[in-house]
Each structure stands twice: as structure tokens, then as C-alpha cells.
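[1] the following block contains a protein sequence and its predicted model.
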Amino acid sequence: MALLHKASNENFFSGVQNKLMLILGKKNVASKDVTDLLDNLSTVFFDLKKRGDVSVNAQDAVSIMVDVLDIVNPEESFEVSKTCQIWEQVLQLPNVTLSNQTSEKLIAWTLQFLRHENPSVLVDILSFLAVAVNYKEIKQAKDLKILLGPSGFVINKLNEDQQINNLTVLILKVLCNFTYCSGEKDWSTISKDLVEECIIQFIKIQEQQLNSDPSNFNILRVLILCFYGLENIFVRFTNSTAPHLETIFGLPLKYAPIRPSSLPFVELPSKSDQAKNPKVRKKRPPSKVQSKNRSQDSHSEEIGIEPHLQTKNKPWAKNSISISSSDSELSDSDVQSYQRLKETQGKVRSSALKMLSAAFKFCDQRSVMGYWSAFLPDSSQGQVYRHSLVTPILKDCSVKVRCSALVALSSLLQAIQPTLAMASHQETRTGSFIPLSHTLAETIIAVQRSLILSVSAEQSASALIQILKCLAVAATVFPYEKLPMELVSKTIQQCIPFLDNKDPDVKVACLSVLRILLCARSANPQIVQMFNEEKTGKCWLLEHCLTLIDGQAGFPLTLESLLVIGEVARSNIRVAQPYFQHIVRSICHKLLTDQDSGIQIRCAKALALVGASILQEMEKEDSDQFISRDEAVQLWIYIIRHGLADILQAASVPPLKAEACAALATVGSQIFECLPRELRILFVTLALGCATDGDASVRAASIRILGFAVTFNTLNDDASFLLDSSEKILPLLVDGNLLVALNASWALGNLADTLDKDQNSLLEEMPRDFLVNLIKAALHAAQGPMKVRCNGIRALGIFVKIIPDVPSQGSETAILLDQAISVIAKQATIGNFMKNRWNACYACGNILQNIKLLTAFSHWMDKLIESLLIVFRSCANFKVRISAANAMLNVKHRELLSHHYIRIWFTLLDSLANSEHIDDFSEFQHHETMCRQICNALCKLITLITKDDLSQLQEAVMKYYDVFSAQFSKFLKSLLPEQLELVIEASEYMRQLGQPVGSLTQSQKSAVELFQELLIIPG
């Protein structure tokens, strides 16, 4: 028996609790007492649900109802029904949670009463169960399979009923709610067998209803529930649908209006004829052929029932009720009934399309690619479409159905983007063979033209917005450079009038389409030219957006305008360059004067995009730049003085400060060194000050500024700045926020690179314990979170490389260095995060350059060499092996390798021989580079050969001679003249090693000749 907790609100529960305790204390409970108690509970919970009162502890209600289960008599139908109704109300209260024990008890209680097979309570039990299965604890109850399993009571009841009735609808509600899994919970514990059974039942019922009467509301409800249940399954249990995909994808073709359309392509009006607002749909008089085809459905059209739901077996618009063609003879109730029927039929089509959207979005991309031809048209201009998602977009009278079809089409286009990328239109084609690329191009042309046509015909704002969103997706995935350019020009022509539409959401969607067309195709001069005015050559889209920003355009339109400006500046600086001064001034003014933080944040993001574009230009040669350095400097002076400085110094909202820091990080070294001295000081002050901000996002963004700043030419030799930066970076390595720690480790790696470039002068100016503290921090980062380690390892290798003095044995510094080298060696050999292993090999290469340190501590050399050899032997990732081979190039002295030298040769040759064994095909692209780097490392090892090594090396080379000679010959042929330095050095070394000839044994002479033969550079 559950404990009875005293309710938080005495008025609600105190009386009920007292009565329940009295009843529970009796041996023989009177039926009237139970009935009165249930009436009181029903009144209380109904009142709570109606008022939405959250002051009552819902768990108290659950505890009471759990105890009620013990006093309900299975023979009393009224008590059972009443209990189910009350439970249904309780489970819909806010903040209800069920324990596993309560869930199991509820399922057991449900099974107990279902076994009595009392038809008078079945509806109430199923209604309660439909609410209960929404809870995760109920979904994973052990006994639920007795209800919903293949031979469970609910499934058997569903299969027994030959006719669709209210009971069928309730059962399907139970199955639908079982498949609905909301939120971010872990749903992997849900039985896959039950999900599989739900799929089977949904499919079976839909197939059974193909020849049913489409005017039966119960049938329509059942179909809606089946599609909804399948949609839920695609969202959470996609893998379970794999064996049934072919059948599931066939269902919408039968129930949704995806059928051949008699609507041909219509030539679009010219730009001058375009209206400013969407046109109203007008019914065209049918042609003779169309009239003949539609005569069968004329009766349905007279009463307003959709003729779209059609199958091969029976037209779905059939209605057996004879209705007069005169509207005046219809009563109001008849009109309402037919209108309701029409809406319900539309819901069936809409739910079928929503299920398709979920399938396209969540199914494996390869699976969806196998079915694209069933849902997209492939007709040329003037021809009739076949089955496609375009048909409901153009023909369906329901706005919701058109919107659902557009969402499904958008999801499909995104899913099959790799396939669509192969499209290539051929204006003149010879022969009977039609390549797949041309078929895809015809499909894309048909889809684009249909969307353009629907834009001009659509009168619903919501559907128009969805069409424009679909056009935006099309602009992202369609390869326009290989298609007729008129597709783009007509799309732009159709969108331009909607820039002046009254609905701001339509304007936003229109701007989104134009933005993607311009920015995603910025390399195509033909498309870029479409956005320029013929007379002035100016970009009318940028001018329009700048006008919106300077005025009072409203929140969503201003955001989209800022996004357009930022993206155009980032993707095509040639278009944006004439407007840069206007852009910067307008954005900075909006940044400081607008009261909406959302718009301010978007302004800061736009400045970041502009700054990134300028930075990219500064990295080019002067002759290739579209903006001069002087112009860029003047822009940045304005941005800092009249924009970012005020935001970073004021008490701004944290997200805004973070975006302002992100914008400031795009200054770049070339611009920074040209800024006035006071702005450079302000830049450093702002970056260092924000690093201690209370908000994690601001700290992460500011530490990123410092990560860039320590590499600037005017700051990387400033010991004071580097010391101040390190004092900000080191504490943030252990920050509780992962992004902060990640950015801090990256900044530490950049600081290490800076110290490595000018180590002597800088380290002399630093405190004595400066480098030791950096090593400690890097060592901690190298063992921290997985994504933080890579930069910590990189920095650690550099710090060990540049340590100036060799510590004494057993000193604190020696122990610290031993730990550092052990961590690096370990990270190189273990783990599946290859970026860490790559950086560990890179760190090994850096440490190998500290000859004094490795000479004094030879066992550290053993650790490093052993870790690199393990990489060559066992690491399947070729990029990691390349890094290990590069590390070997840093070995300068034969004495350091000692007894490892011959082992290294055998390992590298074996790695070269086994390089053809590729388990992961994605590694194939790195195969040639890896072989080249291993050959490069072998060249370096040749320069370290002693006469005593020659005999053993001849044995190693002869063992792998075929592979070695083939790969080495390919390596030599691939080298450019400026890359032959190491090969020439190795060849010259072998020539000198062979002199005088009399000093070598016969086997040594053979080895020298062998290496000289291999090192012959092809002419």
C-alpha cells in the first residue's frame, strides 16, 4: 500500500484522504462508500484540470489513486469506469511523474479488468490506457507486451473487429501514443518488438481500408492515426522501419493526392507584368479532354468532396448519398457535414505527407535515395506530370495539405542532395540513351518550374511562405551551374514583387531565397549579374536591405536583412565592397541605438562576417585584393570606436558581449599593426578584461581573441603582453565550461607556437618559473576532456622542446618532464579520437629536437620511439602515421636512436608493405601521402647509417625489396626539384660512406650499392 502523504492544499485532499483511510481499514468495503469516494475524487480532479491549478502536489494525487486501485471491485462496472476516468484526469495534471513500481501496478490492474471482458468498461479502460502510455515508465513496463504484443489483448481486439468503429479508433490512439516519445529522454529502453508490432498494425489497417468508403469519419480518423503513428516511429525508432520502407512509402501514393496531373507547364509572365502581391487562384474552364476525364467525379465536386484520394481499386471521393446540384436545396446541417468531411479528408492527406516528411528527414540517406523517383516529377516542359509531390502543391484546395506537401518536398530534396548534385542538363542530346544526369536535370527543372508557378498562383500567406522556404532549400541543393540559367532568373523575377508584400513573414522568406541564390552561387558571374541593376551596376538586394536597416522594418525583417548583408560580405566581397562604408556605419548605428538585444546580437554577427571577409582579403596578394589595406584600416577604426568598444565596456547582455568579442577577433595581424596606438591598447585591454567576465560565453569568446593576438607580429615579441595573456589563459584551462576550456587550450597552443619562434629572447624576459607553470598547465590540459587534450598535447610538446636548461636527476622539473613525456607517448598509442593521436605524434617530433634533454635522459627517448613504432604497426588512421613519419624527420643524431635504429627500419618497411591493406575506404585518399612521408623518413634514416648497420639493413631491405623499390621509385618521381634536398643529402652520404672502398666488407659494399641504386633520381 502506498504511503498517504498529506496534501499541500488541505481543501482539496484532506477530506478525501480521511475517507480513503477509513475504507482501507475495513475488511468488508461497501460499494456505496467506494462510489461516494470516487465521485468526490472525480469532482476534485476535474476541477483541478479545468482550472489548471499547479499549486497542488500532483504526486499526492498519484499516491491516492494508487491506493484506490486496491478497493475497486472488478465486478462493479461503474467503479472500474469511474476509476479509469479519474486516472485519466490525474495523468493529465501538470508535473506528474510515475515510479516504475506504480507503472507496473497500473498495467497489472489494467490487465486484471481487461480479462473480465466486460464491454461496458472497455472504452474507459482503453481511453485511460491511451493517456497512460504517454509516460516513459509505462512504455517500458514489463507486462505491457501482454497488452500490446503480437498476441496481446489490445492487438487481438483490433484484429477481431471486422468493422471500423470507435473502439478501433481508441486502440489506435493507444498505439499512437505509445510510439510518441517527446523530449530529450533516452528511449532506447523501449521494446523494439512492440514498436515492430505497431508498424505492422498501422500498415495492415491502411492496406485494409483501400476499398473503404472515404466518407466514413471513423475510417478517416483511423487513417490519420495510422499515419501519425508511423510518423512518430520515424522520429524515434527509424531503424525499425527499414524492413517496411517499400510498403510505407507506397501508402501516401494511395491516400495522398500524388497522382498524374493534367496541369501543363505555363509560361511565366515577364518581370514587367508581375504584380506586387500574390495572385488569387482562378479556376480555368476545363478542356474537352479534361471534361471527359472529370465527368466521373462531377458528382463529388458538386457536393464539395475532394476527388484527390484515389487508388487503383476504388476512387476515394465516392459518396453514396445523392445530393442535388443546387446549393439552395442543401440544409445548413448538410453543408456543415460536408465541410467537416472535406476537412477530415484533407487531414488524411496532410498526415500522409507529414509522415513522408519524417521519413525523409530521419531515414538513412541511402534508403531515401532509392525512392526519390517515386515522389519527384521528371517531365519536360509541356508534358504531363507523373506521380509526384508537386501535384498537391499545385492542385490541392487545402492550405494545410499544400503546406505539408511543401515540407515533405523540402525534406526530400535535402535528403537526396548528393544525388541531385550529379544533375547536368543537355540542350542537344544524340542517341537513344538517356544518362542519369539528364534525368535528374529534367526532374530538377520540373520541380523548380512548379514551385515558380505555385508562387504566382498562391493566395494563402502561410502556404506562400512555405513555398518560398522550399525554394530556399532548392537554391541550396540544386546545381544551377549545370542547369538552364532561366530557372534562376525566373525565380528571382517571381520573388522580387514579394519584397513589398504587406506580410513581413513573406518578405523574410523572400529575402531568404534571394540571399541563398546570391551567396551560395557567388562564384557564378551570371547569377551575380542578375542582382545588379543594368544601368548603375549596383546590387539592388544590398541596397534594399540597407534601406530596411536604416528604417524601422520590424524585428524579423531587420534580422534577415542583417543576415543578407553579412552573408553577401562573406561570400562575395566584390559585390559588397562598394557598400562597405555604408554597411559598417549602418550596422554600428543599429548596434548602439536599437533597444532590442536580438537585433544588436545580429548586428555584432554581421560585423564578424564583414571582418572575416576583410581578413580573408588581407591574406591575398595586393594585386588580388578587392579592398586596400588603408580602406580596411579605416573601416576597423570606425567599427572599434563607434561600435564594439561601447558594447564591450558597457553592461551589455552576455550573448551580445560574446558576439562583439567574436567580431573583434577578426581584426587580423595586418590590420592590427596599422591601427593607431590608442586603439591597439584598447584592443588588448578589452580582450584581457573580458577574459574574467562572469558569463562563460564571453570568457570563451575573449580567450579566442587572445589566442589570435599572441600570434600578431606587433604583440608576439611583447613579453609583458604574453605574460598577461598566459595569466588569463591558464586559469581558464580548468574552467567548468567545456567551450571556455577548449578555447583556452587552443590559445595555449598558439602561445606555445609564439614562444617557439623567438624562444631565447622571450624566455629571458620571463619569470624563472614561467615555462614550468606552462608545462604544468599543458600537462593538465593533455589529460583533460577529450576535445581539450589535442591542443594541450600540442603545447606540451613545444614547451618540452624549448626548455632551455637540462634539469638534474630527481628534481621537481625532471619529474614533471617525465610525466609530460609519458602522457604524450601514451596519447600517441591509445584512443579512438585521432586528432589527439595526431597531435601526440606531432609533440613527439618537437621533443625529438631537444637533443640535450634526450641525451641526458635516454629512457625518455625509448618511450618516444616505442610510441611512434606502435603507431606505425597498429594505427589504422593514415594521417596519424603521416604525423609519426614527420616526427622521425626530426632525429638528428644516430646516438639517440642506439639499439632502436634497426627496429625502426624494419617497422617502417613493414608499414610500407602493409599500406595496401585498407579497412576503411576513406583512408585511401591519404595512402599516397603516407607512403611518400615514410619514404622521406627512410631517406632521413639513410643519412644516419653507420658502417656497422649496413649488413643488417641489407637484410631488411632485401626482405621488403619489391615493395620498397616500387614505392621509393614512385616517391622519387613525385618530387619537385626543390623537394630533392633530403634525397640528394642521402645519396651523397651513401657515396661518402662507401669511401674508401677497401674499408668495407663485401656485404657492406653490397648494401651501399643497393642504397645507391635506390637513390638514383630519375631523369
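    Nice, I can see it. Numbering: from 1, shown residues only.

[2] which residues of the stretch 401-550 of the chain fall in helices?
    If DSSP state H, counting those that start in this stretch is used as the criterion, the helices of the stretch 401-550 of the chain fall at 417-420, 436-457, 461-477, 486-495, 504-519, 525-530, 540-550.

[3] who are the packing partners of the third one?
    If contacts are counted by 3 or more Cβ pairs under 8 Å, 6 or more residues apart in numbering; DSSP states H and E, helix 461-477 sits against helix 399-415, helix 417-420, helix 436-457, helix 486-495, helix 504-519. All C-beta spots, glycine's among them, are computed from the backbone N, C-alpha and C.

[4] run the chain-centre distance for that helix.
    Distance of helix 461-477 from the chain centroid (Cα atoms, centre = their mean, to the nearest Å) equals 20 Å.

[5] hey, which helix is longest across this protein?
    helix 332-362 (DSSP state H).

[6] count the residues that sit near Ser571.
    Neighbourhood size, Ser571 [other Cβ atoms under 10 Å]: 18.

[7] for it, give its distance to Phe531.
    Separation of Ser571 from Phe531 (Cβ to Cβ, to the nearest Å): 12 Å.

[8] intersection of neighbour lists for those two?
    Residues touching both Ser571 and Phe531 (Cβ atoms under 8 Å, 6 or more residues apart in numbering) are Leu518.

[9] just the element for Gly250, please.
    Under the criterion of DSSP states H and E, Gly250 resides in helix 245-255.

[10] which elements pack onto that helix?
    Going by 3+ Cβ pairs under 8 Å, 6+ apart, helix 245-255 lies up against helix 192-208, helix 217-236, helix 332-362.

[11] quick one: which of these is nearest Lys469?
    helix 332-362 (12.6 Å; Cβ to Cβ).

[12] on contacts alone, who are the packing partners of the helix or strand that the closest one is followed by?
    Counting by DSSP H and E, the element after helix 332-362 in chain order, helix or strand, is helix 365-369. Secondary-structure packing of helix 365-369 (3+ Cβ pairs under 8 Å, 6+ apart): helix 399-415, helix 417-420.

[13] ok so, going back, make a markdown table out of the helices of the stretch 401-550 of the chain and add distance to Val399.
    Below are the helices of the stretch 401-550 of the chain laid out as a markdown table (distance: least, Cβ to Cβ, whole Å):
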| stretch | distance to Val399 |
| --- | --- |
| helix 417-420 | 28 |
| helix 436-457 | 12 |
| helix 461-477 | 5 |
| helix 486-495 | 20 |
| helix 504-519 | 14 |
| helix 525-530 | 31 |
| helix 540-550 | 28 |
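
[14] nearest to Lys354, out of the ones you listed?
    Comparing the helices of the stretch 401-550 of the chain by Cβ to Cβ, helix 461-477 comes nearest, at 12.8 Å.

[15] quick one: distance of stretch 171-187 to the chain centre.
    Distance, centroid of stretch 171-187 to centroid of chain: 24 Å (Cα atoms, centre = their mean).

[16] flag every buried residue along that stretch.
    171-181, 187 (16 or more other Cβ atoms under 10 Å).

[17] just the C-alpha atoms of that stretch, please, in CSV.
    In CSV, the C-alpha atoms belonging to stretch 171-187 read as follows (Å, rounded to 0.1, in the frame of the first residue of the first chain):
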residue,chain,number,x,y,z
ILE,A,171,-7.0,1.2,-29.8
LEU,A,172,-5.1,3.1,-32.5
LYS,A,173,-4.8,6.0,-30.1
VAL,A,174,-3.2,3.7,-27.6
LEU,A,175,-0.7,2.6,-30.3
CYS,A,176,0.0,6.1,-31.5
ASN,A,177,0.6,7.5,-28.0
PHE,A,178,2.9,4.5,-27.3
THR,A,179,5.0,5.5,-30.3
TYR,A,180,5.1,9.2,-29.4
CYS,A,181,8.3,9.9,-27.5
SER,A,182,8.9,13.5,-26.8
GLY,A,183,11.7,15.4,-25.2
GLU,A,184,15.4,14.5,-24.9
LYS,A,185,15.0,11.4,-22.9
ASP,A,186,16.7,8.1,-23.6
TRP,A,187,14.1,6.0,-25.4
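
[18] circling back to that earlier point, now mean pLDDT, distance to Gln952 and mean neighbour count too, for the helices and strands packed on helix 461-477, in JSON lines please.
    Shown next, in JSON lines, are the helices and strands packed on helix 461-477 (pLDDT from 0 to 100; distance: least, Cβ to Cβ, whole Å; neighbours: other Cβ atoms under 10 Å):
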{"stretch": "helix 399-415", "mean pLDDT": "94", "distance to Gln952": "58", "mean neighbour count": "25"}
{"stretch": "helix 417-420", "mean pLDDT": "90", "distance to Gln952": "52", "mean neighbour count": "17"}
{"stretch": "helix 436-457", "mean pLDDT": "90", "distance to Gln952": "57", "mean neighbour count": "21"}
{"stretch": "helix 486-495", "mean pLDDT": "93", "distance to Gln952": "68", "mean neighbour count": "20"}
{"stretch": "helix 504-519", "mean pLDDT": "93", "distance to Gln952": "62", "mean neighbour count": "22"}
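
[19] which stretches of the stretch 751-900 of the chain have low pLDDT?
    Scanning the stretch 751-900 of the chain for pLDDT under 70 picks out 759-760.

[20] mind listing the helices for it?
    759-765, 770-782, 786-802, 812-829, 834-847, 851-856, 858-874, 878-888, 894-897, 900-913.

[21] can you list those in JSON lines and add mean neighbour count?
    What follows is the helices of the stretch 751-900 of the chain, written out as JSON lines (neighbours: other Cβ atoms under 10 Å):
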{"stretch": "helix 759-765", "mean neighbour count": "13"}
{"stretch": "helix 770-782", "mean neighbour count": "21"}
{"stretch": "helix 786-802", "mean neighbour count": "26"}
{"stretch": "helix 812-829", "mean neighbour count": "20"}
{"stretch": "helix 834-847", "mean neighbour count": "25"}
{"stretch": "helix 851-856", "mean neighbour count": "16"}
{"stretch": "helix 858-874", "mean neighbour count": "19"}
{"stretch": "helix 878-888", "mean neighbour count": "24"}
{"stretch": "helix 894-897", "mean neighbour count": "16"}
{"stretch": "helix 900-913", "mean neighbour count": "19"}
